[in-house]
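S.K.: Sequence first, predicted coordinates after that:
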Amino acid sequence: MPITYDVMFKAMLANSKNKKYLCRLLSLLFEISEEEAMKSFRYSKNELDRDNVRSRANIVDIVGTLGKTKVNIEMNKTNTIPRNVHYLEVLSKEDILSGTKFGERNLTVQVNLTDICFKGDKTVNYFCKQDISDRTMGNEVLVNASIPMIRKKMYTLGEESLDEIRGM
């Protein structure tokens, strides 16, 4: 069973016994050391708060904190970016609902490991809300990593090039 299946993905990376593999991924995406990721990453509950009693439960793949940054990591076999943006907003909204002042809100990051790619995509794309003058707005970051492009890079350049993924 490939790791792109939720069951295998969660067994491999949502398991605290395998935290080192998740931290390796986080270190590549956020340009921090694996040791720093291991020390600061904490798993959190993976059921997001409901909007109301009638709303459907949002159960995400992996959620936790990396220092003060909230991180949700999703494995997707199809284009689920709109749903994952919703997860990002729900996680970010938790700070607002808890009464955290605007200037004190922590960064929230949604990581999408996607088994598809779009024309023009890089291996890893980083997005944040910006105004018309390209000034960053808010505290939310969306990270899309294309598994087919990672596979292509690994096939073309070899396993040692894994460290170069974030630079593409």
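M.R.: Yep, it's here. Numbers count the residues shown, from 1 in each chain.

S.K.: so residue 12 sits in a helix?
M.R.: Yes. Residue 12: assigned to a helix according to DSSP: H, G, I helix; E, B strand; the rest coil.

S.K.: isn't it right next to residue 21, touching?
M.R.: Yes. The pair residue 12 / residue 21 is scored as a contact, 6.4 Å apart, by C-beta atoms under 8 Å. No exception for glycine: its C-beta is placed from N, CA and C like everyone else's.

S.K.: residues in contact with the spatially most central residue of the chain?
M.R.: By C-alpha atoms, centre = their mean, the chain has its centre lying nearest to residue 111, at 1.8 Å. Under the criterion of C-beta atoms under 8 Å, 6 or more residues apart in numbering, the neighbours of residue 111 are 29, 71, 72, 73, 74, 143, 145.

S.K.: Distance from stretch 129-146 to the middle of the chain?
M.R.: 14 Å (C-alpha atoms, centre = their mean, to the nearest Å).

S.K.: So what touches that stretch?
M.R.: Taking C-beta under 8 Å, 6+ apart as the rule, stretch 129-146 contacts 29, 81, 84-85, 88-89, 92, 95, 105-114, 116-118, 121-128, 165.

S.K.: Are any of these buried, and if so which?
M.R.: 29, 81, 84, 88, 92, 95, 105, 107-114, 116-117, 121, 123-125, 165 (16 or more other C-beta atoms under 10 Å).

S.K.: mind listing which of these are in helices?
M.R.: 29, 81, 84, 88, 92, 95 (DSSP state H).

S.K.: got TSV for those, with pLDDT too?
M.R.: What follows is those, written out as TSV (pLDDT from 0 to 100):
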residue	pLDDT
29	89
81	87
84	90
88	89
92	84
95	70
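
S.K.: So of those, which two are at opposite extremes in space?
M.R.: Largest separation among these by C-beta to C-beta: 81 and 95, giving 22.4 Å.
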